[in-house]
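Student: sequence plus predicted model, see below.
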Amino acid sequence: MGDVNSYSRPGGLAGGEVSIAATSAEALPADRSAAIVRAALDCIVTIDEQGRVVEFNPASELLFGWSRQEALGCTLESLFIPPELGTAHREGIATYLRTGEGPVLNQRLELPAVCRDGTRLVVELIVVPTVHEGRREFTGFIRNITELRRTQELLRASQARYEAIVRHSTKAVIQCDDDGTCTFLAGEAMLGYPVRTTVDGGLLAVVHPDDQASARDFLAEVRAGTRQPAESRDLRLLRADGASRLCEVMAEDLTGVPEVGALLVRAADVTADRERRRRLADATAQMRSLIDNLGSAVLLEDATRHVLVANDALVDLFGFPGRAEDLTGTDCSMAAYAIKDFFADPDGFVAGVEELLANRESVPGEHLPTADGRTLERDYFPIRSDGRHAGHLWVYRDITHRIAENLMLADQNRSLAQLAALKNEFVATVSHELRTPLTSVVSFAEMLRDPSIGTLTEQQDSILEVIDRNSHRLLRLIDDLLLVAKLESHTLPLALGLLDLPDLVGQIVAEQRPAAAQKDVRLEVRAAEGPRVRADSVRLQQVFSNVVGNAVKYTPSGGSVMVTCEVKEPDDAWVVSVADTGVGIPADEVPHVFDAFFRASSAAGGAAGTGLGLAITRLIVEEHRGSVHVESQSGTGTTMSVRLPCEAS
């Protein structure tokens, strides 16, 4: 190589690097040296002490794009050294020439380089100092490693991507070796074992104790070849933190494959999926139980008119063969034609079904007469999911008996209405017929007491007193009967107005004080302020006079009657309670105290009455949208409570 000295490659340097040392004693023939330089596949570039190129072989021409003639005499900075490395290059030559030391000499370096067209490369460089004809020179052996480094980078990125995928995989891959160990190849995110973690005891070491027997059978079947790789089994696997996850496990025996030589197990976490399936199965079972116990025939179709759910009542109603479960999945697009003769109007039934399917609008409670004289009620509901059509729901029920019962009930209601009208008419007629002669009796009794007619004996006056008392009692009874009839028929007009209830109750108590004092009964009232009520004051006076009067009447001497009037929750209504310490009412008679003409057995010795007072009280209170309630026990007193709705003034 005319400009290149001889060189040798002694081994033994650290890191396997090759050192090329120049020797002037054993020089190659010039023609052979030149041939080697020209034939070398790597670039060989030699510079002198001034940094000018004195050799530039064909491989260098090919790589950097400069011809040998163009390169000779040029500096490396002007050929392929990047600008950012120019200063370091010059300083390195100067340091070596000054001190004889060069830290980059005889070292394998990796540096950037620039081609003539501006393309940047990555090159591997070895610089060897040489002596030629007494002049020091530097020869660089350069190899283009751009593609190698790019390939290595791609390989590293691919490896990193692969390891990330493996690490975050939602499925675990476990290699089970014959030596009794298992190695996790993927699935750190799922089970918590880092990739390449080895566990002694094989797969069974990470299987939940309760699933050990099942896992042994599973592995035995895999090794025996009786279980295919795609056949799975659910096993609970233990995570690295000790928690367990339900996994779908598949395995394949690859011990005969040299590259693997082990049992390969794949596992997917199905804990949430199995829980969803369990809940779906429970919901389906509940729906099935509900449908089966509805007492109605139910048919649920999907969007393609295939049966999703049918119950036994449907099979029984239309006489389908087999069981309800046998209908699942069957095409029911022609079902209307199959059962049309079941109905009194077959063509009308088919046309009605087709219309419902076309309109897809809910139609509940449609009546369909059958050919055998019965009546079916049909509900149709289109099923929609996320705004799209998802199926049809049909519900049929036999309402023949219900229609008959409704007709019977209507007849009974008409009869009861007629009876009520007859009763009211009878009461009104009788009352009218009784009132006329009774009025005459009362009038003549009063005339007989007139001194101008004559003086009555004591006995005659006593008899006249009995006549007068009983005739007035009968008149009150007639008035009460007429009032009850009007209240029950809701024909009694009410003169409604806003009134102060505590004030009204206070007036009633004041009216009853003389009677209470005469019997030595303590009568007290406690009333709180509150909103006024809309009511008929005359009728409410009748109510409270009745209730307070009864309390005084049936309370023995020395007893007490407490009247309270206040607004109470939960409906913020007025409650007027009258509590006495009187004779009370036997428990079995309490439910009847508001019945007409009922008198408690404990009141048998008390003052006579018509037996209509409390019945009238209840009816008047109910006409005011209120209620009346009684609590009592024989011998311990009675509490009568009247509840009336408030109405702001």
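Tutor: In hand now; what should we look at?
Student: next, count neighbours for L494.
Tutor: 14 (other C-beta atoms under 10 Å). Quick note: C-beta positions are derived from backbone N, CA and C, even for glycine.
Student: for it, give its distance to R143.
Tutor: Separation of L494 from R143 (C-beta to C-beta, to the nearest Å): 116 Å.
Student: got the contact list for D331?
Tutor: Listed by C-beta atoms under 8 Å, 6 or more residues apart in numbering, the contact partners of D331 are R305, H306.
Student: got phi/psi on it?
Tutor: phi -80, psi 120 (degrees, to the nearest 10).
Student: mind checking the pLDDT average for stretch 512-521?
Tutor: Stretch 512-521 carries an average pLDDT of 91.
Student: which residues touch it?
Tutor: With contacts defined as C-beta under 8 Å, 6+ apart, stretch 512-521 is touched by 522-523, 545, 548-549, 552-553, 555-561.
Student: now do stretch 244-254
Tutor: By C-beta under 8 Å, 6+ apart, stretch 244-254 touches 172, 176, 190-191, 208, 218-219, 222-223, 225, 227, 229-239, 260-271, 274.
Student: what are the buried residues along it?
Tutor: Counting neighbours by 16 or more other C-beta atoms under 10 Å, one finds that the buried residues in stretch 244-254 are S244, R245, L246, C247, E248, V249, M250, A251, D253, L254.
Student: ok, now stretch 65-74?
Tutor: By neighbour count on 16+ other C-beta under 10 Å, the buried set for stretch 65-74 is G65, W66, A71.
Student: surely the second one and F56 touch.
Tutor: Yes. Applying C-beta atoms under 8 Å, one finds W66 in contact with F56, separated by 7.1 Å.
Student: can you report phi and psi for F597?
Tutor: phi 70, psi 10.
Student: count the neighbours of Q541 for me.
Tutor: A count of nearby residues for Q541, using other C-beta under 10 Å, gives 15.
Student: so what touches the helix or strand where it lies?
Tutor: When elements are assigned from DSSP states H and E, Q541 belongs to helix 537-553. By C-beta under 8 Å, 6+ apart, the residues outside helix 537-553 that reach it are 494-495, 497, 499, 501, 504-505, 507-509, 511-512, 515-516, 519, 521, 523, 561, 563, 576, 578-580, 582, 606-607, 613-614, 616-617, 620-621, 623-624, 638, 640, 642.
Student: which strands or helices does the helix or strand just after that helix pack on?
Tutor: Per DSSP H and E, the first helix or strand lying C-terminal to helix 537-553 is strand 560-568. With contacts taken as 3 or more C-beta pairs under 8 Å, 6 or more residues apart in numbering; DSSP states H and E, strand 560-568 sits against helix 501-518, strand 522-527, helix 537-553, strand 573-580.
Student: now for M190: which residues touch it?
Tutor: M190 is in contact with S169, T170, K171, A172, R245, A267, A268, D269, counting by C-beta under 8 Å, 6+ apart.
Student: so for the lengthiest strand in the chain, what gets flagged as buried?
Tutor: Using DSSP state E, we find that the single longest strand of the chain is strand 120-132. Within strand 120-132, the residues scored as buried using 16+ other C-beta under 10 Å are L121, V123, E124, L125, I126, V127, V128, P129, T130, H132.
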